[in-house]
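Colleague: here is a sequence together with a model predicted from it:
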Amino acid sequence: MTQPLLGKIAYVTGGSRGIGRACAIAFADAGADIAICHLNDEAEAKTLVQAVTARGRRGFQMPADMGVVAEVNAFAAAAEAALGPCDILLNNAGMNIRGPFGEIAEADFDRMMSVHMKGMFFMAQAVYPGMVARGAGRIINMASQLALKGSPGIVTYCAAKAGIIGFTRALAHEAGPKGVLVNAIAPGPIETDLTRSRGPEWKARIAATLPLGRLGQPEEIAATALLLAGQGGTYYAGACLSPNGGDVMH
């Protein structure tokens, strides 16, 4: 089996479960060493590292709150000390707080923006100088199809994810000439712990609205991340790829 990422080091935020975990496994299968951070998910993080080492790659995990810049920087420093400088950054960590627009509290707004926007921004900033110095690197930011279409009851989530797309495009202009390719992924509804918690009726209702008639699997998003991380991604800059089952066509 070919390993297009052999010798590369990937950092994945929010890598213990769901899409982040699937991407970490895909990167390891492709030959990369993997560092992940997580929030209070030690058991799952350890099993992820075991899966990475079982593939003959090095793995590293630590808890870090991506809404706190000091913890973002601590993860970046610890991952580099354990594995080496970052070649591929997947900014995947995220969360959601639901509620009507008029009832969103300032603390909830701040938390959403901190985890999604601030954490992504400063995680990219932590690894960017090294990528520039080496003249190569990939930064992949996880957005959402809801940034493209919006949805009631999750205004802050949609706004944060839209901000990720704007950040991606702006940084791509600065980073591209330096050899650093910055892109985003905007998944549609995916089978994860979060979506399963909504219940079977919600899942059936959402699936019925999609041309493909089903929710996606984390591994299908990982395939897009692998494209952007590897040789197939050499001519993408500021792109937002959206594997979404036809939920948003653009």
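Modeller: The structure has been received and is ready for your questions.
Colleague: hmm, Ala28 and Phe60 touching each other?
Modeller: No - counting by CB atoms under 8 Å, Phe60 stays clear of Ala28, with 11.8 Å between them. The C-beta positions use only the backbone N, C-alpha and C, and glycine is treated the same way.
Colleague: who has more neighbours out of those two?
Modeller: In this view Phe60 and Ala28 are compared by other CB atoms under 10 Å, and Ala28 has more residues nearby, 25 against 21.
Colleague: what is the burial count for Tyr128?
Modeller: Around Tyr128 there are 20 residues (other CB under 10 Å).
Colleague: show residues contacting the single longest helix found in the chain.
Modeller: Identified as the longest helix of the chain according to DSSP state H is helix 155-175. With contacts defined as CB atoms under 8 Å, 6 or more residues apart in numbering, helix 155-175 is touched by 91, 96-97, 101, 104, 108-109, 112-113, 115-117, 120-121, 124, 128, 131-132, 137, 139, 141-144, 146-148, 150-151, 181-184, 186, 237-238, 240.
Colleague: take those and keep only those in strands.
Modeller: Asn91, Gly137, Ile139, Asn141, Met142, Leu181, Val182, Asn183, Ala184, Cys240 (DSSP state E).
Colleague: now for Ala77: which residues touch it?
Modeller: Here Ala77 is in contact with Ala126 (criterion: CB under 8 Å, 6+ apart).
Colleague: doesn't it belong to a helix?
Modeller: Yes - counting by DSSP: H, G, I helix; E, B strand; the rest coil, Ala77 falls inside a helix.
Colleague: mean confidence (pLDDT) on stretch 3-15, please.
Modeller: In this model, stretch 3-15 carries a mean pLDDT of 97.
Colleague: meant to ask about stretch 212-222, not that
Modeller: The model assigns stretch 212-222 a mean pLDDT of 96.
Colleague: from the opening residue of that stretch to its closing one, how far?
Modeller: Distance between the two ends of stretch 212-222: 18 Å, counting by CA to CA, to the nearest Å.
Colleague: name the surrounding residues that touch stretch 104-119.
Modeller: 13, 65-69, 72, 91, 93-97, 99, 155-157, 159-161, 163-164, 167.
Colleague: and that stretch, which residues are buried?
Modeller: Residues Ile104, Met112, Met113, Ser114, Val115, His116, Met117, Lys118, Gly119 are the ones in stretch 104-119 that count as buried (16 or more other CB atoms under 10 Å).
Colleague: and the end-to-end length of that stretch?
Modeller: End residues of stretch 104-119 are separated by 21 Å (CA to CA).
Colleague: do stretch 208-221 as well
Modeller: Rule used - CA to CA; the end-to-end distance of stretch 208-221 is 20 Å.
Colleague: what's the pLDDT at the residue positioned nearest the centre of the chain?
Modeller: Taking CA atoms, centre = their mean, the centroid of the chain lies closest to Asn92, which sits 2.1 Å from it. Per-residue confidence at Asn92 stands at 97 (pLDDT).
Colleague: quick check: nearest residue in space to it, chain neighbours excluded?
Modeller: Among residues not flanking Asn92 along the chain, Gly20 sits closest, at 4.1 Å (CB to CB, 6 or more residues apart in numbering).
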